[in-house]
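> Mind folding the following:
(one chain, ligands or ions: 1)
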Amino acid sequence: MNILVINCGSSSIKYQLINREKRKVLAKGLLEKIGEINSSQVHRIGGKVVKKQDEVANYEEGLKSILALLLDEKRGVIKDASEISAVGHRVVHGGEDFFHSVLIDDEVIKTIKSYISLAPLHNPPNLAGIKAARSLFPDVPQVAVFDTAFHQTLPEKAFLYALPYQYYEKYKIRRYGFHGTSHRYIAERAAKFLKKPLKELKIITCHLGNGCSITAIDKGKSIDTSMGFTPLEGLVMGTRCGDVDAAAALFLMEKENFTTAQMDNLLNKQSGLLGISGISNDLREVQKWVVKGDQRAKLALEVFVYRIKKYIGAYSAVLGGLDALIFSAGIGENEVNIRDKVCQGLEFLGVYLDEKKNRARSKASRFISTEKSPAKILVIPTNEEEMIAEETWRIVNKTVNGESGIVNSKKQTARYNSPELLK
Ligand code: AMP
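Here you go, the predicted model:
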């Protein structure tokens, strides 16, 4: 079964065509600058890199262009569009309505639309991608896989902010958490690696990329996570500040006469590693300056590591113990020094890093804790596309082969939110 995984950004389409049985990526690519004169495309197809530049006016044209390449006589990987059996869409915000992936129908689209105010930059392009794919593949089942869904198991005490309760009721202001697909993927892979059922494990997953978040997972369920109402909260990130006293933002707005948009830009785009170091949001760049003796670069790294460590302590307390600490994404998978600094001093939690294993370069999932470490430390490369494909396969299979076939939307939404499916 070939599954097309689509991730639509503000002017881009990232995609992978995955053969589920062979667990093979047949093609993948990125189409950028949709709506501009020079849309750029980079595809990896049949082991070759194909670059294209032409005008792609909208998401539907973008998808058509991708499909044409997949079908291309010389370079293509499929002979007919019917070889695509399902489409899986990454959708950022599913609010409180979806705690699982769902088969997309009109009702589901309406609900995703209702969360545009909570994810104004993400849900509209996600919806545009869904619309384009439905029009291009009208008979193919389409599945929405939400970034927020995995964290819908957070208990009220973890997701509620101590603001007047009426604003939770009125605007649904609460912690949602993001990167859910990645945290879930990492945790499931870790359980396989540990040869233990997820239901018996207390896990902390650190997704450390340009965006960073950390999640406490108890018996396979997310019970707390660092990103909040938006992806701004929690860890220090490339350009996001993470945790900050809300009063500091108010103070700045008053002193600097910032508009809401300016303040938003400062917190999301000018802070984090970039903000402290004044050098870059890219950790590799910051490290280069640390080596040169730059004090602000050093400080940025210290704050970055300290915040992660603090969350690990807090989440170990919340979990009441720790079986596995997992590092993933660009920084988590590659940055030996960061893993080293984060783990230093965590021995009281049973976390013992094996320095040699930590320094060994590898792209594979691996243990980096000592043999005797009570809590295991692992590096697990994340793969959100694989998880989306797996979820798509699971939902399509259940729906098509399930007891009642493809059910109508209202029932379906209820059905897919049923705790039964979380098992
Ligand atoms: P991501 O958002 O997952 O692509 O991660 C991007 C972050 O990972 C940036 O801060 C990079 O500096 C950092 N990083 C460190 N080492 C590497 C590497 N070898 N490859 C890619 N990203 C890396």
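> From here on, just use CA atoms for contacts and neighbour counts.
Fine.
> What score does the residue lying farthest from the centre of the chain have for pLDDT?
Checked against the mean C-alpha position of the chain, the extreme residue using CA atoms, centre = their mean is K255, at a distance of 35.2 Å. Reading off the per-residue confidence, K255 sits at a pLDDT of 98.
> ok, it to Q270 distance?
18 Å (CA to CA, to the nearest Å).
> Same question for R75.
Relative to Q270, R75 is positioned 42 Å away (CA to CA).
> Next up, the contacts around the residue in the stretch 151-300 of the chain that the ligand sits nearest to.
Proximity of the stretch 151-300 of the chain to the ligand (CA to the nearest ligand atom) peaks at G209, 3.4 Å away. When contacts are counted by CA atoms under 8 Å, 6 or more residues apart in numbering, G209 touches 237-238, 328-332.
> More neighbours: R75 and Q270, which one.
Neighbours of R75 and Q270, each counted by other CA atoms under 10 Å, are more numerous for Q270; the result is 20 against 14.
> what's the nearest residue to that one if we skip its chain neighbours?
Among residues not flanking Q270 along the chain, T239 sits closest, at 5.3 Å (CA to CA, 6 or more residues apart in numbering).
> Verify the contact between that neighbour and L273 for me.
Yes: distance between T239 and L273: 6.1 Å, which falls inside the contact criterion (CA atoms under 8 Å).
> anything in contact with each of those two?
Common neighbours of T239 and L273, using CA under 8 Å, 6+ apart, are N281.
> and the two? which has more neighbours close in?
Between T239 and L273, L273 has the larger neighbour count (other CA under 10 Å), namely 28 against 24.
> Centre of the chain to the helix or strand where that one lies, how far?
Under DSSP states H and E, the secondary-structure element containing L273 is helix 272-277. Distance of helix 272-277 from its chain centroid, counting by CA atoms, centre = their mean, to the nearest Å, is 22 Å.
> average pLDDT across it?
For helix 272-277, the mean per-residue pLDDT is 98.
> That one and the ligand in contact?
No: for helix 272-277, no contact with the ligand is found by CA under 6 Å from any ligand atom; the gap never falls below 8.7 Å.
> so what does that helix touch, helix or strand wise?
helix 283-291, helix 295-319 (3 or more CA pairs under 8 Å, 6 or more residues apart in numbering; DSSP states H and E).
> if we go to 6 Å?
Under the contact criterion of 3 or more CA pairs under 6 Å, 6 or more residues apart in numbering; DSSP states H and E, the helices and strands touching helix 272-277 comprise helix 295-319.
> Tell me the gap between the helix it packs on and the middle of its chain.
Relative to its parent chain, helix 295-319 has a centroid offset of 20 Å by CA atoms, centre = their mean.
> what does that helix contact?
Helix 295-319 is contacted from outside by 216, 235-236, 273, 276-277, 286, 290, 322, 342, using CA atoms under 6 Å, 6 or more residues apart in numbering.
> one step back: show me what contacts the residue farthest from the centre of the chain?
By CA under 6 Å, 6+ apart, K255 lies in contact with nothing.
> got the CA coordinates for the strand or helix carrying it in CSV?
With elements taken from DSSP H and E, the one containing K255 is helix 246-256. As requested, the backbone C-alpha atoms of helix 246-256 are provided in CSV (Å, rounded to 0.1, in the frame of the first residue of the first chain):
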residue,chain,number,x,y,z
ALA,A,246,4.1,37.0,31.0
ALA,A,247,4.5,40.2,32.9
ALA,A,248,7.9,40.7,31.2
ALA,A,249,6.1,40.8,27.9
LEU,A,250,3.6,43.3,29.2
PHE,A,251,6.5,45.5,30.6
LEU,A,252,8.3,45.5,27.2
MET,A,253,5.1,46.4,25.3
GLU,A,254,4.7,49.4,27.5
LYS,A,255,8.3,50.5,27.6
GLU,A,256,9.0,50.0,23.9
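> buried residues in it?
A249 (16 or more other CA atoms under 10 Å).
> Check which helices and strands the helix or strand following it sits against.
The first helix or strand that comes after helix 246-256 along the chain, using DSSP H and E, is helix 260-269. Other helices and strands packing on helix 260-269, by 3+ CA pairs under 6 Å, 6+ apart, are absent; none qualifies.
> Now do the buried residues in helix 260-269.
For helix 260-269, burial by neighbour count (16+ other CA under 10 Å) applies to 263, 266-269.
> ok, now stretch 187-197?
Neighbour count says stretch 187-197 has 187, 189-191, 194 buried, by 16+ other CA under 10 Å.
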